[in-house]
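Undergrad: predicted model and sequence follow; I will ask about them next.
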Amino acid sequence: MPVESQERSSNPANQTSGRTLDHAAPVYDLLAPLMTFGLERGYRRRARALLKLQGNEQVLDVGCGTGTLSREIARDLAPQRSKVVGVDAAAAMIDVARRKGSALANLQFDAALAEQLPYAESSFDCAVSTFFFHHIEFALKQRALAELRRTVKPGGRIVIVDVDTPSNAFGALCAWSGYLLFRQEEIRENIRGRLREAIDGAGFASVQRVSRHSGYISIFLLHN
Ligand SMILES: C[S@@+](CC[C@H](N)C(=O)[O-])C[C@H]1O[C@@H](n2cnc3c(N)ncnc32)[C@H](O)[C@@H]1O
């Protein structure tokens with residue numbers, strides 16, 4: 001097989017309808033703060049706090065992008081007794097994540113699909129996902145949530161941060177501008193409440209919207 005087509009077929013990005021970001025990998029860390037008005041650091045801090053980590057957990061980060069949150073979580077944990085696994089379908093994002101996280105022994109990055117995770121049942125104590133679910137359509141949202149249910153242990157915590165139904169005029173303006181800018185149907189689904197619908201239908205033991213931010217971002221805490 002020619003090298004180029006070998007690379008194409010081994011990149012999970014070519015096996016999903018999810019909006020993958022290989023093309024954005026080199027500049028993602030510069031653009032992400034602009035897209036969230038500089039608030040993404042705070043969302044990561046809140047997500048880590050909600051996981052209530054003890055130090056020795058196995059943690060999954062789905063749609064990890066360049067792995068900033070995975071790396072922060074790995075630093076929160078005891079290096080010898082824990083493992084953080086970041087998963088993204090875009091091989092170029094995973095390359096950047098591996099370069100950034102290479103110094104941490106308890107950190108691993110895999111190029112894989114959220115809707116088809118390559119891990120055994122109950123592999124993780126908890127999981128997190130930030131700004132990933134508005135990159136996949138409703139059927140994939142359902143499949144990715146089912147994979148979270150399968151791979152996280154019973155009783156484990158799952159934190160999801162993403163675009164949600166707007167709760168005020170400013171939030172509506174931001175959310176609809178994002179949809180119009182990127183022409184991304186998956187964003188419109190979230191604005192119309194379909195992320196919440198998928199979460200509610202996934203069979204978790206409990207679902208809580210913990211907080212809303214900027215009128216269009218929600219943080220959900222689920223128990224498996
Ligand atoms: C907006 S980025 C979020 C990255 C990171 N979690 C953050 O908060 O900055 C969404 C990520 O989802 C990834 N993605 C899209 N479809 C996917 C899929 N089916 N499975 C895994 N990752 C996917 C993209 O490649 C991209 O890196």
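TA: Nice, I can see it.

Undergrad: any idea how far the closest residue to residue 168 other than its chain neighbours lies from the ligand?
TA: The spatial neighbour of residue 168 that comes closest, neighbours along the chain excluded (C-beta to C-beta, 6 or more residues apart in numbering), is residue 215 at 4.1 Å. Where you see a C-beta, it was placed from the backbone N, CA and C, and this is true even at glycine. In this structure, residue 215 and the ligand are 19 Å apart, going by C-beta to the nearest ligand atom, to the nearest Å.

Undergrad: ok, residue 215 - contacts?
TA: If a contact means C-beta atoms under 8 Å, 6 or more residues apart in numbering, then residue 215 has 166-172, 174-175 as its contacts.

Undergrad: assumed it was part of a strand.
TA: No: the assignment for residue 215 by DSSP: H, G, I helix; E, B strand; the rest coil gives coil, which leaves it out of any strand.

Undergrad: hang on, the earlier thing: for ChimeraX, what selects the buried ones among the contacts of residue 215?
TA: The buried subset of the contacts of residue 215, as determined by 16 or more other C-beta atoms under 10 Å, is captured in ChimeraX by this line:
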select :166,171,174,175
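
Undergrad: any stretches of this structure with poor pLDDT?
TA: Segments of the chain classed as low confidence (criterion: pLDDT under 70) are 1-9.

Undergrad: okay, helices next: where are they in the protein?
TA: Read by DSSP state H, the chain holds these helices, from start to end of the chain: 3-10, 28-35, 40-51, 68-76, 91-101, 138-151, 169-182, 185-191, 194-200.

Undergrad: what about the second one, near the ligand?
TA: Yes: applying C-beta under 6 Å from any ligand atom, one finds helix 28-35 in contact with the ligand at residue 32.

Undergrad: remind me what that helix packs against, helices and strands.
TA: For helix 28-35, the helices and strands in contact under the criterion 3 or more C-beta pairs under 8 Å, 6 or more residues apart in numbering; DSSP states H and E are helix 40-51, helix 91-101.

Undergrad: what's the angle from the last one to helix 68-76?
TA: If I follow you right, that is helix 91-101. Between helix 91-101 and helix 68-76, the angle formed by their directions is 30 degrees, by axes from the mean of the first three to the mean of the last three C-alpha atoms, to 10 degrees.

Undergrad: burial of residue 177, as a residue count?
TA: The number of residues packed around residue 177, counting by other C-beta atoms under 10 Å, is 12.
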